[in-house]
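Visitor: fold the following.
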Amino acid sequence: MFLLREHDIQLKQHQKFTLYLTNQIFGRVLFTSDDISQYAPQTMRLYKMQFPQMELSVHDISFTQGLYTAHLMVGQHPYLFVFNSGNKSARYTADASYSVCAGNVPEFFLSGEKIKLKPHQSMLLYKIPDEPYAIAGSTLHLFGANAIAQFSANENHIQYTPKHGILTSGQVFIKVPTSKTVALCNSKTEMVHFNKIYYISVQSSVS
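Guide: Next comes the predicted model:
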């Protein structure tokens, strides 16, 4: 069960997202007492980001100094769920390169960086592949990398196809090895630079 509504609720925004995300990973139950017709546009967008539902498997869960972590696979894509269960802010040290796109302003972290979490905040981190060209996440779906059905890339051309059933428009982030412009089929691109790594930000619309 999850609660995203803006009225008659005492949970803060990041706490509502934690409940929503936890249900998506561990509950897998599409149930809420909310009247979704009353959702604000951004809340409706978050609600739609769970569709289509994705098959996933949780590999391990651990608890250290107030932080719960769970490694999961969604299809062929690895993610890490991090939850701060304490009443004080906490920091998680990234053990790989990650992106955070769902429920947050998109962020990118290198291995060894400290990721700050508010009390009772959770994050869904996508482990970015080591390949020179790779999908680095998206804001199209809660499990953003899984919103892309097909992907191919080289120094001259990049092409991707969104998965059928995606209900939201948003950004697709593609890791590239240099700042050189790469031709992208039928899409407007913007170069984004985070932590000495270059990403192409592509606006993707629902067809």
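
Visitor: C-alpha from now on. contacts and neighbour counts both.
Guide: Noted.

Visitor: return the distance of residue 55 relative to residue 149.
Guide: Using C-alpha to C-alpha, to the nearest Å, residue 55 is found at 14 Å from residue 149.

Visitor: which strand or helix spans the nearest residue to residue 122 once chain neighbours are set aside?
Guide: Computed as C-alpha to C-alpha, 6 or more residues apart in numbering, the closest residue to residue 122 that is not its neighbour in sequence is residue 83, at 4.2 Å. Assigned by DSSP states H and E, residue 83 falls within strand 77-84.

Visitor: show me what the next helix or strand along the chain from that strand is packed against.
Guide: Following strand 77-84 in sequence order, the next helix or strand is strand 90-93 (DSSP H and E). Secondary-structure packing of strand 90-93 (3 or more C-alpha pairs under 8 Å, 6 or more residues apart in numbering; DSSP states H and E): strand 114-117.

Visitor: what comes up buried for the strand it packs on?
Guide: Neighbour counts over strand 114-117 (16 or more other C-alpha atoms under 10 Å) mark residue 117 as buried.

Visitor: quick one, the next helix or strand after it and strand 77-84 angle?
Guide: Using DSSP H and E, the next helix or strand after strand 114-117 towards the C-terminus is strand 122-127. Counting by axes from the mean of the first three to the mean of the last three C-alpha atoms, to 10 degrees, strand 122-127 lies at 150 degrees to strand 77-84.

Visitor: parallel or antiparallel, list what pairs with strand 122-127.
Guide: When pairing is defined by DSSP bridges, strand 122-127 lines up against strand 77-84 (antiparallel), strand 98-100 (antiparallel).

Visitor: between the next helix or strand after that strand and strand 122-127, how many degrees?
Guide: Under the assignment DSSP H and E, the closest C-terminal helix or strand after strand 122-127 is strand 134-138. Orientation check (the same axes, to 10 degrees): strand 134-138 against strand 122-127 gives 160 degrees.

Visitor: contacts for strand 134-138?
Guide: Here strand 134-138 makes contact (C-alpha atoms under 8 Å, 6 or more residues apart in numbering) with 99-102, 126, 128-129, 144-145, 147, 151, 153, 170-176, 199.

Visitor: pull up the pairing partners for that strand, direction included.
Guide: Here strand 134-138 has these sheet partners by DSSP bridges: strand 170-176 (antiparallel).

Visitor: could you export the strand it pairs with as PDB, CA atoms only?
Guide: Only the C-alpha atoms of strand 170-176 are listed here, as PDB (Å, rounded to 0.1, in the frame of the first residue of the first chain):
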ATOM      1  CA  GLY A 170      10.900  12.700 -19.400                       C
ATOM      2  CA  GLN A 171      14.700  12.600 -19.700                       C
ATOM      3  CA  VAL A 172      16.900   9.700 -20.800                       C
ATOM      4  CA  PHE A 173      20.500   9.900 -19.600                       C
ATOM      5  CA  ILE A 174      23.200   8.300 -21.800                       C
ATOM      6  CA  LYS A 175      26.800   8.000 -20.600                       C
ATOM      7  CA  VAL A 176      29.300   9.000 -23.300                       C
END
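
Visitor: outside of that strand, which residues touch it?
Guide: Against strand 170-176 from outside (C-alpha under 8 Å, 6+ apart): 132-140, 197-205.

Visitor: show me what contacts the residue nearest to residue 2 when sequence neighbours are not counted?
Guide: Distance criterion C-alpha to C-alpha, 6+ apart; nearest residue to residue 2, sequence neighbours excluded, is residue 20 at 5.0 Å. Residues near residue 20 by C-alpha under 8 Å, 6+ apart: 1, 2, 3, 4.

Visitor: that concludes my questions; thank you for your assistance.
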